[in-house]
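Enquirer: structure for this input, please:
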Amino acid sequence: GMNTSATAIYDWPNPFSCNYGGNKVQMVYRASELLAQGLTAGSEITSVAFDIAAPSSFVCYDFTIRIGTTNLDELTSNFVPFGNLTVVYNQNFTPSQAGINIFNFTQPFIWDGVSNVVVQTIHNQGNYGNGAGTTVKFTPTTFNSTYSGIKDGVTPAGAASFDAQTSFSSGGTS
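Expert: Numbering: from 1, shown residues only. Have a look, this model is predicted:
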């Protein structure tokens, strides 16, 4: 996309918001979008990037990126199960730099050329939030391309305990 809009500090989906203690966002990229960008069957996806409009000093604890395929054309009322996704990035991350932030994968994701791709970000401080601060740029889509869930007080800190959650304080599609 062209990064024509930016989230507000309390808006979701925002992979880096720490307003709540835990934050999970899934994004679907349709095969047609990937083909339009020149990817073909067997293409290696080795990173994702997010354009941070307003940085902050709040640490996203255990920031984890997973990737996988789905037959869903859009995200509706549930997350794609994390067991169907592969962890390709995992470390604490502080969104302290404005602009394009690239997350290089620990292993490439090989796209099959036909499936839609789901990218998931998750982090969990295990508290009641450190603050909102960070905003990210995005391009609106004509379909529900994201699904998010946020919740406070999920312990212990880390992605694994947040993955076990089945209900959230807020979130939904956009």
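
Enquirer: quick check: phi and psi on F58?
Expert: phi -80, psi 120 (degrees, to the nearest 10).

Enquirer: show the pLDDT at it.
Expert: We have a pLDDT of 89 for F58.

Enquirer: L34: which element?
Expert: helix 31-36 (DSSP states H and E).

Enquirer: the very next helix or strand once past that helix: which residues count as buried?
Expert: Moving toward the C-terminus from helix 31-36, the first helix or strand encountered (DSSP H and E) is strand 44-54. In terms of neighbour count (16 or more other C-beta atoms under 10 Å), strand 44-54 has its buried residues at I45, V48, F50, D51, I52, A53, A54. C-beta coordinates here come from the backbone N, C-alpha and C atoms, glycine included.

Enquirer: contact partners for the nearest residue in space to I102 that is not next to it in sequence?
Expert: Leaving aside its sequence neighbours, I102 sits nearest to A49 (C-beta to C-beta, 6 or more residues apart in numbering; 4.6 Å). Residues near A49 by C-beta atoms under 8 Å, 6 or more residues apart in numbering: I100, N101, I102, F103.

Enquirer: list the contacts of the residue minimising distance to the centre of the chain.
Expert: Centroid check for the chain by C-alpha atoms, centre = their mean gives T121 as the closest residue, at 3.2 Å. T121 is in contact with P15, N23, K24, V25, F63, T64, I65, counting by C-beta under 8 Å, 6+ apart.

Enquirer: most widely separated two among those residues?
Expert: The largest separation in those, counting by C-beta to C-beta, is between N23 and I65 at 12.8 Å.

Enquirer: same drill for these two, tell me which one is more crowded.
Expert: In this view N23 and I65 are compared by other C-beta atoms under 10 Å, and N23 has more residues nearby, 28 against 24.
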